[in-house]
Every structure is written in C-alpha cells, then in structure tokens.
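In: here is a sequence with its predicted model. Questions after.
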Amino acid sequence: MAIYREKDIFERRNAANEAKKALLERFKAKPAADDPAVLARQAERKAILAAREIREAEKARLKQERLAREAIEKAEREAAAEAARIAAEEAAQAEARIREAEEAERIARLLADEAERKAKRDARYAARKARTGRTPPGFTGR
C-alpha cells in the first residue's frame with residue numbers, strides 16, 4: 001500500500017508561486033496594442049459593429065413603416081365601421097319614420113271609418129225619428 005503523503009506548506013507555496021509565474025508569462029505573451037494582428041481584429045470588430053448598427057437601423061425603419069401602415073389600416077377600418085354604423089342608424093331612422101307614417105295613416109283611416117260609421121248611424125237614427133215624427137232633445141240632425 002502506498003503511503004499517503006500530505007502536502008506541506010512549502011509545496012503549497014511553491015505551487016502558488018508557479019501559478020503566478022504562469023499567469024505573468026501569459027500576460028507578457030500578449031501582443032501589444034499596435035500589433036498588426038490586434039489592429040486587424042479591432043478593425044474587423046468595428047466593421048461587424050457598423051454592420052450590426054446598419055441592420056438594426058434598417059430593422060427599426062421597417063418596424064416604423066409597419067406600425068404606420070397598421071395605424072393607417074386601423075384608421076380606415078374604424079372609418080368604414082363608423083360609416084356603416086351611421087348608415088345603419090339612418091336606415092333605422094328612415095324605417096321608423098315609415099312605420100310612424102303608416103301608423104298615423106292607419107289611425108287616420110280608423111278615425112275616418114269611425115266618423116263615417118257614426119254619420120251613418122246618426123242618419124239612420126234621424127230617419128227613424130223622422131218616421132215616428134219625434135226629435136230627441138238636443139239632436140241637431142247632422
């Protein structure tokens with residue numbers, strides 16, 4: 001069986017120092033800001049960013065056009081609905097006027113018929129009274 005050996009303080013300190021050295025080496029190995037590869041990557045990033053901004057601006061413009069078109073269509077639909085509502089109201093009012101006129105005509109006909117029946121009845125009554133020779137009090141003989 002292998003003997004397990006616990007790391008002592010010196011080994012841990014040496015491992016930490018080696019990690020720091022490796023990190024420093026990696027940092028030192030970074031190219032400078034004026035390196036052509038770094039400048040090329042920066043130019044590429046700027047081009048990508050500019051293209052993205054152009055796409056976003058185009059997308060925003062298309063969205064604004066779509067919203068404006070939808071607003072116009074909505075206004076047209078509302079105007080058509082309002083015109084249809086007004087036409088329906090006018091048709092209902094015209095129909096109501098026609099019904100009222102027909103009702104007034106029917107009432108006038110009923111009143112005329114009633115007056116005619118009354119006149120005939122009064123004539124019969126007057127003829128009967130004339131045959132008997134008597135006139136009722138207050139009868140004018142219309």
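Out: Thanks, I have it. Residues are numbered from 1 along each chain as shown.

In: gap between the longest helix along the chain and the chain center?
Out: In the chain, assigned by DSSP state H, the helix with the most residues is helix 36-132. Centre-to-centre, helix 36-132 and its host chain are 16 Å apart (CA atoms, centre = their mean, to the nearest Å).

In: so for that helix, mean pLDDT?
Out: For helix 36-132, mean pLDDT rounds to 95.

In: give me the three-state assignment for Asp34.
Out: Assigned with DSSP: H, G, I helix; E, B strand; the rest coil, Asp34 falls in the coil class.

In: what is the neighbour count of it?
Out: When counting by other CB atoms under 10 Å, one arrives at 7 neighbours for Asp34. Glycine gets a C-beta too; all of them are placed from N, C-alpha and C.

In: do Glu11 as well
Out: 11.

In: CA atoms only: put the helix or strand where it lies into PDB for me.
Out: Taking DSSP states H and E as the criterion, Glu11 maps to helix 9-28. In PDB, the C-alpha atoms belonging to helix 9-28 read as follows (Å, rounded to 0.1, in the frame of the first residue of the first chain):
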ATOM      1  CA  ILE A   9       3.300  24.300   3.500                       C
ATOM      2  CA  PHE A  10       6.300  24.500   1.200                       C
ATOM      3  CA  GLU A  11       4.800  22.500  -1.600                       C
ATOM      4  CA  ARG A  12       1.600  24.600  -1.500                       C
ATOM      5  CA  ARG A  13       3.600  27.800  -1.500                       C
ATOM      6  CA  ASN A  14       5.700  26.600  -4.500                       C
ATOM      7  CA  ALA A  15       2.600  25.700  -6.400                       C
ATOM      8  CA  ALA A  16       1.100  29.100  -5.800                       C
ATOM      9  CA  ASN A  17       4.300  30.800  -7.000                       C
ATOM     10  CA  GLU A  18       4.400  28.700 -10.100                       C
ATOM     11  CA  ALA A  19       0.800  29.600 -10.900                       C
ATOM     12  CA  LYS A  20       1.600  33.300 -10.500                       C
ATOM     13  CA  LYS A  21       4.600  32.900 -12.800                       C
ATOM     14  CA  ALA A  22       2.500  31.100 -15.400                       C
ATOM     15  CA  LEU A  23      -0.100  33.900 -15.300                       C
ATOM     16  CA  LEU A  24       2.600  36.500 -15.600                       C
ATOM     17  CA  GLU A  25       4.100  34.700 -18.600                       C
ATOM     18  CA  ARG A  26       0.700  34.500 -20.300                       C
ATOM     19  CA  PHE A  27       0.200  38.200 -19.700                       C
ATOM     20  CA  LYS A  28       3.600  39.100 -21.100                       C
END
